[in-house]
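[1] Prediction below, plus the sequence it came from.
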Amino acid sequence: MDRLINLVVIRPRETQLLLFTTSILFTYITTLSTAQELLQAGFKATPNPKISTFQPLLNDSTGNFSLAFLRVNKTQLALAVLHVPSSEPLWLANPTDLASWSDHTQLFFNGSLMISDPHSRVFWSTPTNGDLVVLLNSSNLQVQKKLDQDSSSVLWQSFDFPTDTLVENQNFTATQSLISQNGLCSMRLGSNFIGLYANFQENYDQIYWKHTALEAKAAIVEGQGPIYVRVNSDGYLGMYQNGTTPVDVEPFRSFQRSINGFLRLRLEPDGDLKGYYWDGSSWILNYQAISDTCELPSPCGPYGLCMPGSGCSCLDNRTEFRSGVDCAPVETGNFCGEKVVKDNFKALTRSGVELPYKQLMQYETTSSLEQCEGLCENNCSCWGVVYNNASGFCYVLDYPIQTLVAVGDESKVGYFKVREGAGKRKRNAGVVFAYAVVGGVIVVLIGIIGFWTYRTWWRRKRNQEEEGDFSPGPYKNLGSASFKSIEMSSR
């Protein structure tokens, strides 16, 4: 009997769950089925307000990739090529200029593929005069011009304009760059190397990782064209100049292993370069350029100190490091144009520190720490120096101070400028917050005392009424002149 009751109770719930799951699956399949495999002139689409993730518009023939409206921060829209099984964006048309997710925004193709709001402006477009738009099985989006019934030429393709991701068999050239999602880091090619750069200062990029071609199987020949790289389906990042023989091989973990998964390489927001493969249900980490957290561009934020194996702290030793909160306000610009340079900053010195990528930085040799500091103190474009007393190397930082690395060698000393205005703003904010807290406590105490006083008075009044101290009758105003005269005459 109990079992029968349980079945009666559980089955409706299971039925509801099944119906809900079926509804979701049906909606997903229906949404995908509305996407086309070819866009021709006259195509137009607007975002569906009921969709919370992405809205497919154009599929490849396998169904693994889709050109779609991608919903960003609930209210914004990016045009993206997605890996459908994981909903992972592989390419974005307008990463820095998002449109709004509204019926005013539209995508249309009339020779040029374009995202626009007729009431405001064009967000992005391809400078083409094509006949059709196709999405290849490689995830490459193309605008093509028909030459005849069976052939066409490529006028534009997304593989020529990567954002933060490379996929397998996609060439990456010296004219291109990968930009991290937050815009702080980039990947570019040199004459014989792959470089990762941090944008710490406007118009100034600091290289923090460099991989130079080993040229083991083929040599780079000067004058025979620039190098390019490609994520090879055999599990490595190959560097090439001409032909199919790589001048360098950067192996992934799956190198020389048989895997059946789609490969991609992404420049992460923290500045690391990571490779992944899709195993059918999730992305598996397959490559990592920087394994030591302290070697990332700024893992602990401005004026932070990265302690290998022990997390983060702050350079000034007085500010408590909290995740997501910088040790000092983020600064830009420099001290040039200010009347008296020394009056606009305070000096912060710290021993036992060094730069995480000092081998990639230029330096000068000085005979003392004082001489090294002097190179920066009166230099309005300098934010600090790091000095090695053993070697005499003096590293000059021409950008706002980022994370340093803690070392046990006290002969390695840093001298850093902290803008006075920034410090004052930070302290003033702390003082305002402290005053607000104290004021709030005082208000609460006053409220408690007032309530306690009222409650005591009311109890005394009630007790007096119960004991007959007040004669029954209508209410009398004890402060009125007539009552006072009666009270005085009775005495």
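    The structure has been received and is ready for your questions.

[2] Below-threshold pLDDT in the chain: ranges please.
    For the chain, applying pLDDT under 70 flags the ranges 1-35, 338-343, 421-491.

[3] cutoff 80 now
    1-36, 118, 120, 203, 258, 323-325, 329-334, 337-344, 420-491 (pLDDT under 80).

[4] so where do the helices sit in it?
    Listed in chain order, the helices of the chain (DSSP state H) span 2-34, 369-377, 420-467, 481-490.

[5] Using CSV, write down the CA coordinates of the second one.
    This file holds the C-alpha atoms of helix 369-377, laid out as CSV (Å, rounded to 0.1, in the frame of the first residue of the first chain):
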residue,chain,number,x,y,z
LEU,A,369,70.8,51.4,-5.5
GLU,A,370,70.9,55.2,-5.1
GLN,A,371,72.1,55.6,-8.7
CYS,A,372,69.4,53.2,-9.9
GLU,A,373,66.7,55.2,-8.0
GLY,A,374,68.1,58.4,-9.5
LEU,A,375,67.4,57.1,-13.0
CYS,A,376,63.7,57.1,-12.1
GLU,A,377,63.2,59.8,-9.4
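
[6] just how off-centre is it within its chain?
    Centroid displacement of helix 369-377 relative to its chain, using C-alpha atoms, centre = their mean, to the nearest Å, is 36 Å.

[7] Return the set of buried residues in it.
    For helix 369-377, burial by neighbour count (16 or more other C-beta atoms under 10 Å) applies to Leu369, Cys372, Glu373, Leu375, Cys376, Glu377. Where C-beta positions appear, they are placed from N, C-alpha and C, glycine not excepted.

[8] Name the residues that touch that helix?
    By C-beta atoms under 8 Å, 6 or more residues apart in numbering, the surrounding residues in contact with helix 369-377 are 341-342, 347, 364, 366, 382-385, 387, 389, 394, 396-397, 413, 415, 417.

[9] Quick one, which of the residues you listed are buried?
    Looks like these have 341, 366, 382-385, 387, 394, 396-397, 413, 415, 417 buried, using 16+ other C-beta under 10 Å.

[10] Would you convert those residues into a markdown table that also reports distance to Phe109?
    What follows is the buried ones among the contacts of helix 369-377, written out as a markdown table (distance: C-beta to C-beta, whole Å):
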| residue | distance to Phe109 |
| --- | --- |
| Val341 | 56 |
| Thr366 | 62 |
| Cys382 | 52 |
| Trp383 | 48 |
| Gly384 | 52 |
| Val385 | 55 |
| Tyr387 | 59 |
| Cys394 | 57 |
| Val396 | 52 |
| Leu397 | 49 |
| Val413 | 61 |
| Tyr415 | 58 |
| Lys417 | 53 |
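
[11] Which pair of these spans the longest distance?
    Of all pairs drawn from those, the widest gap by C-beta to C-beta lies between Val341 and Val413 and measures 21.1 Å.

[12] Quick check: the gap between the closest residue to Ile284 other than its chain neighbours and Glu37.
    Nearest residue to Ile284, sequence neighbours excluded (C-beta to C-beta, 6 or more residues apart in numbering): Tyr277, at 5.5 Å. Per C-beta to C-beta, to the nearest Å, Tyr277 is found 26 Å from Glu37.
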